[in-house]
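K.L.:
What follows is a predicted structure for the sequence shown.
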Amino acid sequence: MSFNGFKEVIGEGDTVILYLTIHQIYSVKADVKTLSKKGATVENIFQTPYGALKCADLIGKKYGTKINLSKGWGYVLQPSPELWTLTLPHRTQIIYTPDASMIVLQLELTPNSIVIESGTGSGSLSHALIRAIKPHGHVYTFDFHEQRVQTASTEFKEHGLSEWVTVKHRDVCSAGFGSELDNVADAVFLDLPHPWLAIPHATKAIKEVGGRICSFSPCIEQVQKSCSTLAELGFQEIQTIEVLQTQYSVQARSLNVLNLDFVKIKKNDSENEKNKEKEVVRTITSVPPSTQPGHTGFLTLGTLPPVWAKSLKEQMENSNMDIE
């Protein structure tokens, strides 16, 4: 249950992040035994490029501890949604931290928000949503693939997050989110091939006081259809953004610096002063990457105004029509 708040000591059954290098990060279970591919119970040993790790040895150690392997060492860290995103087993394409952070921000989530998510996929975004709405909110997440629903439910239970999430098997494009969720959601997130089919159902699910919607789509044609549907259903503040992460490298570089003191020196001064017009300075600076990360997806956002605001707008439009 290491996802549910901070812990000092690793307990049996906890999910632990094993950090070797910036490109070698793994998630392991602190279990004494595990099941082999043949279904037999065997000792839980995790193989790494720097040697084998007996997962039973992790129990009782403090998070952040340096552990020795047969060919090197690593660190055991407490899991977070960001680290889980880097290490989770992929069942689908996932949403990474740059997009997930923008989604949480744009949906205006608070510790008591009710959020509807579709689809669940590998559960990457779900963990970020749960952290944002704890301890008084709730996440209802849907997926049309039954096996993915079962696997996600098991993961949430193992991570101690079942209290704040409900996983359901449903094709929301055709069946909606269910009448029990009508007018209960503060925000809706859609990660679907045809999000415009689910937007009418999302409109019914959002609270009468209004709420936010976000749709993640890799193709601009999906964005166009989604924006048209949002506009038809009365959503406002419709916009589409793209998040591209740029990671700068901090390095020591030699830079030529122009010494402007030479303008104060008379031309007939010594030649030694002329050589001081330019200096080479060794300094710490940030260096941009040689290549820019590519496109992941577009985030289409919209706000559904309160019911009273929509009624007032309709009355004003009807009044204008009568005057004409």
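P.N.:
In hand now; what should we look at?

K.L.:
Check whether residue 188 really touches residue 206, as I assumed.
P.N.:
Yes: contact criterion C-beta atoms under 8 Å: residue 188 and residue 206 qualify, at 6.4 Å. For glycine as for every other residue, the C-beta is placed from the backbone atoms N, C-alpha and C.

K.L.:
more crowded one of those two?
P.N.:
Between residue 188 and residue 206, counted using other C-beta atoms under 10 Å, residue 188 has the larger neighbour count: 29 against 24.

K.L.:
that older thread, now do the shared contacts for residue 188 and residue 206.
P.N.:
Residues touching both residue 188 and residue 206 (C-beta atoms under 8 Å, 6 or more residues apart in numbering): residue 213.

K.L.:
what's the average pLDDT for stretch 44-51?
P.N.:
Averaged over stretch 44-51, pLDDT sits at 92.

K.L.:
got the contact list for that stretch?
P.N.:
Against stretch 44-51 from outside (C-beta under 8 Å, 6+ apart): 18, 20, 24, 26, 28-29, 31-34, 52-56, 69-74.

K.L.:
where along the stretch 151-300 of the chain do the helices fall?
P.N.:
Counting by DSSP state H, counting those that start in this stretch, the stretch 151-300 of the chain has helices at residues 172-175, 195-205, 220-232, 271-274.

K.L.:
Including distance to residue 165, could the ones you listed go into JSON lines?
P.N.:
Conversion of these to JSON lines gives the following (distance: least, C-beta to C-beta, whole Å):
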{"stretch": "helix 172-175", "distance to residue 165": "16"}
{"stretch": "helix 195-205", "distance to residue 165": "16"}
{"stretch": "helix 220-232", "distance to residue 165": "25"}
{"stretch": "helix 271-274", "distance to residue 165": "72"}
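
K.L.:
and the end-to-end length of stretch 27-44?
P.N.:
In stretch 27-44, first residue to last residue: 13 Å (C-alpha to C-alpha, to the nearest Å).

K.L.:
how distant is it from the center of its chain?
P.N.:
29 Å (C-alpha atoms, centre = their mean, to the nearest Å).

K.L.:
List the buried residues of that stretch.
P.N.:
Across stretch 27-44, burial judged by 16 or more other C-beta atoms under 10 Å covers 27, 28, 29, 30, 31, 44.

K.L.:
What is the nearest of those to residue 232?
P.N.:
residue 27 (43.3 Å; C-beta to C-beta).

K.L.:
Kindly state the beta-bridge partners for that closest one.
P.N.:
residue 17 (DSSP bridges).

K.L.:
try residue 280
P.N.:
residue 256.

K.L.:
you'd agree it is up against residue 258?
P.N.:
No: if you go by C-beta under 8 Å, residue 280 and residue 258 don't touch, sitting 11.2 Å apart.

K.L.:
dump the residue contacts of residue 178.
P.N.:
Counting by C-beta under 8 Å, 6+ apart, residue 178 has contacts 168, 170.

K.L.:
can you rerun that using 7 Å?
P.N.:
Counting by C-beta atoms under 7 Å, 6 or more residues apart in numbering, residue 178 touches no other residue.

K.L.:
domains in the chain, as residue ranges please.
P.N.:
The chain breaks down into these domains under automatic domain parsing: 15-79, 91-244+293-320, 249-287.

K.L.:
could those go into a markdown table alongside distance to residue 4?
P.N.:
Converted to a markdown table, these look like this (distance: least, C-beta to C-beta, whole Å):
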| stretch | distance to residue 4 |
| --- | --- |
| domain 15-79 | 10 |
| domain 91-244+293-320 | 4 |
| domain 249-287 | 35 |
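
K.L.:
Of these, which stretch is the most buried?
P.N.:
domain 91-244+293-320 (a mean of 18; mean count of other C-beta atoms under 10 Å).

K.L.:
Centre of the chain to it, how far?
P.N.:
In terms of C-alpha atoms, centre = their mean, the centre of domain 91-244+293-320 is set 14 Å apart from its chain centre.

K.L.:
again with stretch 32-52
P.N.:
30 Å.

K.L.:
for stretch 234-254, same thing?
P.N.:
On C-alpha atoms, centre = their mean, the centre of stretch 234-254 falls 14 Å from the chain's centre.

K.L.:
so the residue positioned nearest the centre of the chain, which of the three states?
P.N.:
For the chain, residue 100 is the residue whose C-alpha lies nearest the centre (C-alpha atoms, centre = their mean; 2.6 Å). At residue 100 the chain is in helix, as set by DSSP: H, G, I helix; E, B strand; the rest coil.

K.L.:
cool, and residue 308?
P.N.:
helix.

K.L.:
Repeat that for residue 125.
P.N.:
Put simply, residue 125 is helix when judged by three-state DSSP.

K.L.:
pretty sure it is in contact with residue 95, am I right?
P.N.:
Yes: between residue 125 and residue 95 there is a contact under C-beta atoms under 7 Å: 4.6 Å.

K.L.:
shaky segments in the stretch 151-300 of the chain?
P.N.:
Regions of the stretch 151-300 of the chain meeting the criterion pLDDT under 70 cover residues 259-278.

K.L.:
Now do the strands in it.
P.N.:
Using DSSP state E, counting those that start in this stretch, the strands of the stretch 151-300 of the chain run over 165-169, 187-190, 211-217, 236-242, 249-258, 278-287, 298-304.
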